[in-house]
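Participant: Model the structure of this input:
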Amino acid sequence: MKKGFRIIGIIVMAIALVVGLLFYIDKKQRESLDNYPYEPDTPVPDPHEGTFVSEHGTMVFNGDGESLVFDFDEELAELSGLPAGEQKGTYVFLSGDLPPHGSVDVRYDIAHEWRISLEDSSAVIDLGLASQDGSTAQVGVDIVTDTRIPMLFQKDGKFFSIIFEKE
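Facilitator: Modelled structure (predicted):
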């Protein structure tokens with residue numbers, strides 16, 4: 001009988017140890033989210049600078065990481081919710097929705113979306129690359145580079161990208 005109680009005691013202690021360890025790991029993971037998002041051990045990339053073009057317009061960055069001048073055609077204006085023609089504004093790259101706080105400012109090489117703000121309006125635009133058939137899209141790390149900014153849209157159940165590339 002004593003041996004049976006001893007085995008049961010060992011099993012109960014092992015279960016308690018495993019449960020305690022799982023709670024500890026979960027707590028550490030939640031604490032690490034306080035610093036998310038970041039890309040450890042890599043230098044912050046330089047801000048965009050120069051002219052970026054696509055078949056739907058241009059964007060000119062002065063290199064300060066905040067301001068831009070864009071000139072979108074009617075189609076891109078409608079898709080983005082921003083006005084057509086030449087506009088001066090500011091921008092910030094965003095993480096995408098991170099519960100419970102939503103999107104936060106991030107470096108462009110890990111951005112999932114970006115916000116372009118004008119004096120009286122702003123729009124948040126998804127960033128990503130659509131598959132050729134439009135059934136899927138890729139977002140996340142290294143989608144936006146120092147020479148490429150791919151805007152991602154969805155229409156009629158299909159994804160498509162409008163890619164701005166540095167001249």
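Participant: In this protein, what residue spans correspond to helices?
Facilitator: 2-32, 74-80 (DSSP state H).
Participant: Lowest average confidence across those helices, which one?
Facilitator: Comparing mean pLDDT across the helices of the chain, the weakest is helix 2-32, with a mean of 61.
Participant: and this structure, what are its domains?
Facilitator: 2-35, 49-166 (automatic domain parsing).
Participant: Distance to P43 and mean neighbour count for those domains - can I get that in CSV?
Facilitator: The C-beta positions use only the backbone N, C-alpha and C, and glycine is treated the same way. CSV is the format used below for the domains of the chain (distance: least, CB to CB, whole Å; neighbours: other CB atoms under 10 Å):
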stretch, distance to P43, mean neighbour count
domain 2-35, 17, 9
domain 49-166, 10, 16
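Participant: so where's the chain shaky on pLDDT?
Facilitator: Regions of the chain meeting the criterion pLDDT under 70 cover residues 1-5, 9, 12, 14, 16-40.
Participant: Apart from its neighbours in sequence, what residue is nearest the residue most central in space within it?
Facilitator: Centroid-nearest residue in the chain: H112, 2.0 Å away (criterion: CA atoms, centre = their mean). In space, H112 comes closest to G96 once its chain neighbours are excluded; the distance is 3.2 Å by CB to CB, 6 or more residues apart in numbering.
Participant: W114 now?
Facilitator: F93 is the one closest to W114 (CB to CB, 6+ apart), at 4.8 Å.
Participant: for G81, same thing?
Facilitator: Per CB to CB, 6+ apart, closest to G81 is A123, 4.1 Å.
Participant: same deal with E165?
Facilitator: R148 (5.5 Å).
Participant: got the contact list for the one you found?
Facilitator: I163, F164, E165, K166 (CB atoms under 8 Å, 6 or more residues apart in numbering).
Participant: Could you tell me which of those belong to strands?
Facilitator: In this view, the contacts of R148 that belong to strands under DSSP state E are I163, F164, E165, K166.
Participant: circling back to that earlier point, OK, contacts around the residue nearest to the centre of the chain?
Facilitator: Contacts of H112 (CB under 8 Å, 6+ apart): L94, S95, G96, D126, L127, G128, V139, G140.
Participant: What is the nearest of these to Q154?
Facilitator: D126 (8.2 Å; CB to CB).
Participant: so who does the closest one touch?
Facilitator: D126 neighbours (CB under 8 Å, 6+ apart): H112, E113, V139, M151, L152, F153.
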